[in-house]
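> Pasting the sequence and the predicted model now:
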Amino acid sequence: MKITILTLFPEMFAPLKESIIGRAVNGGKLEIEIVNIRDYSTDKHKKCDDYPFGGGAGMVMMPQPVGSAVEAVDPDHKALRIYTSPKGERLTQQKVLALAQREHIVILCGHYEGVDQRALDMYFDGEISIGDYVLTGGELPAMVICDSVARYVDGVLAAGSLVDESFSDGLLEYPQYTRPAVYNGVSVPDVLLSGNHAEIDKWRREQSEKITRERRPDLLKK
Ligand code: 4GN
């Protein structure tokens, strides 16, 4: 799959070169294309923002550079084109799974006071929010979408990693332990050392239900 990110701050995407996502990109399983919107400005000074009509603080991203950039990266509108915004539809694991089925996603990162509404209406399919808070730009939300979606690309994670995790069955994950079996005098739960996999599965399920009841009872109602 391919994810194209349209941004005025391409240097902010260096973290995607690291760790699991970086490995997926290097292995050819995932393509991440970072596009500088400024390269598409037809203004003689490559200007991309201007004062808001009607007045008010800050600047608004101009429609021309955004429109030209999106038309260049997705000329036939085959991609799902999304804008990251606090006004968007909330990102959930279910939404992540749906996004991961797409061949190509284009993500526009807003900055300043936002993007001219005409560019959003003309060129974008929807808006996604990663949560009820405001950030200085859409770059971090774009990286969150990239990371969460990339985990579902075939071969990115170790086999089975997606099966047991939090949210996949609507519950939070059970606690994990590794060596040593005793750390600062505290032992790992006996059942995990028993080798009895039916008992281990049962214990993990109970732990998942307990932690979900304590921390996220809202998830149990669904
Ligand atoms: C998205 C963008 C938060 C989110 C953003 C979010 C940049 N902040 N909750 N900031 O997903 C106004 C115009 C804020 C650009 C936008």
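Nice, thanks for sending it over. Residues are numbered from 1 along each chain as shown.
> Distance of the residue nearest to residue 191 when sequence neighbours are not counted relative to residue 39?
Closest residue to residue 191 apart from its sequence neighbours, by Cβ to Cβ, 6 or more residues apart in numbering: residue 203 at 4.7 Å. The way it works is simple: take the backbone N, C-alpha and C, and place the C-beta from them, glycine included. According to Cβ to Cβ, to the nearest Å, residue 203 and residue 39 sit 55 Å apart.
> hang on, the earlier thing: the residue nearest to residue 191: helix or strand, and which one exactly?
Under the criterion of DSSP states H and E, residue 203 resides in helix 197-215.
> again, but for residue 66
helix 63-73.
> what does residue 89 give?
Going by DSSP H and E, residue 89 is part of strand 80-90.
> That strand and the ligand, any residue contact?
Yes: with Cβ under 6 Å from any ligand atom as the criterion, the ligand is reached by strand 80-90 at 84-86.
> Buried among these? Make that a ChimeraX selection.
Burial among the residues of strand 80-90 next to the ligand is assessed by 16 or more other Cβ atoms under 10 Å; the matching ChimeraX selection reads:
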select :84,85,86
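> With pLDDT as extra columns, can I get the residues of strand 80-90 next to the ligand in JSON lines?
JSON lines is the format used below for the residues of strand 80-90 next to the ligand (pLDDT from 0 to 100):
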{"residue": "84", "pLDDT": "98"}
{"residue": "85", "pLDDT": "98"}
{"residue": "86", "pLDDT": "98"}
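> In contact with residue 175, which residues are there?
207, 211 (Cβ atoms under 8 Å, 6 or more residues apart in numbering).
> Next one, pLDDT for it please.
With respect to pLDDT, residue 175 scores 98.
> picking up where we left off before, what count of nearby residues applies to the residue nearest to residue 191?
Residue 203 has 17 neighbouring residues, counting by other Cβ atoms under 10 Å.
> Could you pull up the residues touching it?
174, 189, 191-192.
> which one among those gets closest to the ligand?
When the contacts of residue 203 are compared for distance to the ligand (Cβ to the nearest ligand atom), residue 174 wins out at 29.4 Å.
> check contacts around that closest one.
Residue 174 makes contact with 203-205, 207-208, 211, according to Cβ under 8 Å, 6+ apart.
> quick revisit: can you name the two of the contacts of residue 203 that are farthest apart?
The distance between the two most remote of the contacts of residue 203 (Cβ to Cβ) is 11.2 Å, for 174 and 191.
> quick one: secondary structure of the spatially closest residue to residue 27 that is not a sequence neighbour?
In space, and not counting its chain neighbours, residue 27 is closest to residue 155: 7.3 Å by Cβ to Cβ, 6+ apart. Under DSSP: H, G, I helix; E, B strand; the rest coil, the three-state class of residue 155 is coil.
> What strands line up against the strand holding residue 89, and which way round?
Note on strand 80-90: by DSSP bridges, its sheet partners are strand 104-109 (parallel), strand 126-129 (parallel).
> which residues touch the last one?
The set of residues that contact strand 126-129 without belonging to it, under Cβ under 8 Å, 6+ apart, is 80, 82-91, 95, 120, 141, 145.
> Pull out the buried positions in it.
127-129.
> Now distance to the ligand and pLDDT too, for these, in JSON lines please.
Shown next, in JSON lines, are the buried residues of strand 126-129 (distance: Cβ to the nearest ligand atom, whole Å; pLDDT from 0 to 100):
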{"residue": "127", "distance to the ligand": "9", "pLDDT": "98"}
{"residue": "128", "distance to the ligand": "7", "pLDDT": "98"}
{"residue": "129", "distance to the ligand": "4", "pLDDT": "98"}
